[in-house]
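Visitor: model the structure of this input:
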Amino acid sequence: QSAAKYEVVYGSGQNVSSVTLQWVAPDHVSTVVFWSTFVRTFSEFWVDVKSAELEISASGSNYAKTL
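Guide: Purely as a prediction, here's the structure:
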């Protein structure tokens, strides 16, 4: 199974409790999984943080999901 790669980088230098991002799925996508890396400090970080599988429909409506 081939996976498309999309990247988002966010860094403010300030502590944040949430970040809101918007992504538009290609027409042919039915299920997506988001993988994340979180960095608190140079020596404290988390990699390969996986979201739940999300089902994407072709309804054309906007959809928001909190991960």
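Visitor: quick one, what contacts the closest residue to L54 other than its chain neighbours?
Guide: Nearest residue to L54, sequence neighbours excluded (CB to CB, 6 or more residues apart in numbering): V32, at 5.2 Å. Where you see a C-beta, it was placed from the backbone N, CA and C, and this is true even at glycine. Each residue near V32 by CB atoms under 8 Å, 6 or more residues apart in numbering is listed here: 25, 53-54, 56.
Visitor: biggest separation within those, which pair?
Guide: A25 and E53 (13.3 Å; CB to CB).
Visitor: between these two, which one's more packed in?
Guide: Set A25 next to E53 and count neighbours by other CB atoms under 10 Å: A25 wins out with 15 against 9.
Visitor: could you report the separation of the more buried one from V32?
Guide: From A25 across to V32, the span is 7 Å (CB to CB, to the nearest Å).
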